[in-house]
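Engineer: What follows is a predicted structure for the sequence shown.
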Number of protein chains: 2
Amino acid sequence: MSTPKKAKTSAFEQSGFVSGYLLYLLAAASEAASKQFHTRVREAGLRITEWRVLACLYDQDGLMITELAHYALMEQSRITRIIDQMETSGLVVRHNDEGDGRRVRIYLTDHGQSLSAELVTAAKAHEMQLLSTLPVKDAANIKPALLALLGSLEAPAN
Amino acid sequence: MSTPKKAKTSAFEQSGFVSGYLLYLLAAASEAASKQFHTRVREAGLRITEWRVLACLYDQDGLMITELAHYALMEQSRITRIIDQMETSGLVVRHNDEGDGRRVRIYLTDHGQSLSAELVTAAKAHEMQLLSTLPVKDAANIKPALLALLGSLEAPAN
DNA sequence: TAAAACTATATGAAAAAACATATAATAGGA
DNA sequence: TCCTATTATATGTTTTTTCATATAGTTTTA
């Protein structure tokens, strides 16, 4: 047979442009690493986007729609609809901001609070497990490198 | 004013769970880094997904639908439809695999070939520029760390 | 070699996401 | 203060994406 059945480790992955391209590595690593944990998120009855919102609110309850969009890496209109659904399922509530009638602040319900705490704990455990499978050097390097990249990208001037 | 207008660098980003969470850093870095280059992709009249397909075919022309799905990190049915559109816009062509009538192999047209070469060149330049903005240490560390992570995640055993 | 199991691609229907824009509230001049 | 510009959220529409499944070709095996 000229073509191998399972081309998992094909010539493609060994050489060529894509397999060493930074943006590909970032996307692939993000996707592969998230995949594992996302299984747990779905087991908790949540969609990925909802988990992201919960995690943001875990850190800082009462964020605005716009702030959530920024932190959770999503468009504003998307957040609006996700909050609609999360409000329906009893995870969060909307409150008008006193002082600025345009703003809507999102707060965790009791249920949302306990669920977010639970998932954050699981996420931390998963992260530790994941980092423990890496060579020590890489495990130590990865977050600083990503933070440097983010910092460089967020800097307005260039 | 109690709430700053532009909360770019808020308390959120300084501390808390999310801002140091590996899966968040990966997603955020991937998104932020890609964003810049994606502007160029759209200027070339392509969607991001189409660029991914072009890049894969640049490395290895004649990939199957399934292989493209794997390498471009997308679902099979999605690739099928993207190839439909790319065929319509004259970037690729489908050919039946001789030897296995189920397989469909995708080949770049002349136009697809020149466009992919052009964009790959631009992508390499962008990557170099991006890495040059990082501290040398981080620039040297990031790809090995991502590769280690990917390797660890692809390994079946654990 | 016929049946069963499996692989590759396509497609209909449903859900999610993006895009543009509407609505409402506030802020900032003239 | 009134007019304009700006900000925050919501919503209608369209496009993407997913999910489940159909179709067709190949391999396996009894």
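Structural biologist: Received the coordinates, thanks.
Engineer: Now do the residue of chain A found nearest DNA strand C against B:Val92, distance only.
Structural biologist: DNA strand C sits closest to A:Gly101 of chain A, with a gap of 2.7 Å, by C-beta to the nearest atom of the strand. Quick note: C-beta positions are derived from backbone N, CA and C, even for glycine. From A:Gly101 across to B:Val92, the span is 52 Å (C-beta to C-beta, to the nearest Å).
Engineer: So for those two, which sits in the more crowded spot?
Structural biologist: Set A:Gly101 next to B:Val92 and count neighbours by other C-beta atoms under 10 Å in any protein chain shown: B:Val92 wins out with 26 against 8.
Engineer: could you point out where chain A is predicted with low confidence?
Structural biologist: Chain A contains residues with pLDDT under 70 at A:1-13, A:155-158.
Engineer: Return the residues in contact with the residue nearest the centre of it.
Structural biologist: In chain A, the centroid-proximal residue (C-alpha atoms, centre = their mean) is A:Arg52; its distance is 5.5 Å. By C-beta atoms under 8 Å, 6 or more residues apart in numbering or on different chains, A:Arg52 lies in contact with A:Ala72, A:Leu73, A:Met74.
Engineer: can you tell me which of those are in helices?
Structural biologist: Assignment to helices by DSSP state H places none of those there.
Engineer: if we can go back for a sec, I'd like the next helix or strand past the strand or helix carrying the residue nearest to the centre of chain A.
Structural biologist: A:Arg52 is located in helix A:48-59, with elements delineated by DSSP states H and E. Downstream of helix A:48-59, the first helix or strand assigned by DSSP H and E is strand A:63-64.
Engineer: And DNA strand C, is that next one touching that?
Structural biologist: No: applying C-beta under 7 Å from any atom of the strand, one finds strand A:63-64 separated from DNA strand C by no less than 12.8 Å.
Engineer: Quick one: name the residues of chain A near DNA strand C.
Structural biologist: A:5, A:47-49, A:74-75, A:77-78, A:81-82, A:99-102.
Engineer: In a markdown table: these, plus distance to DNA strand D.
Structural biologist: Shown next, in a markdown table, are those (distance: C-beta to the nearest atom of the strand, whole Å):
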| residue | distance to DNA strand D |
| --- | --- |
| A:Lys5 | 8 |
| A:Arg47 | 9 |
| A:Ile48 | 10 |
| A:Thr49 | 12 |
| A:Met74 | 12 |
| A:Glu75 | 8 |
| A:Ser77 | 3 |
| A:Arg78 | 8 |
| A:Arg81 | 6 |
| A:Ile82 | 10 |
| A:Gly99 | 11 |
| A:Asp100 | 7 |
| A:Gly101 | 9 |
| A:Arg102 | 4 |
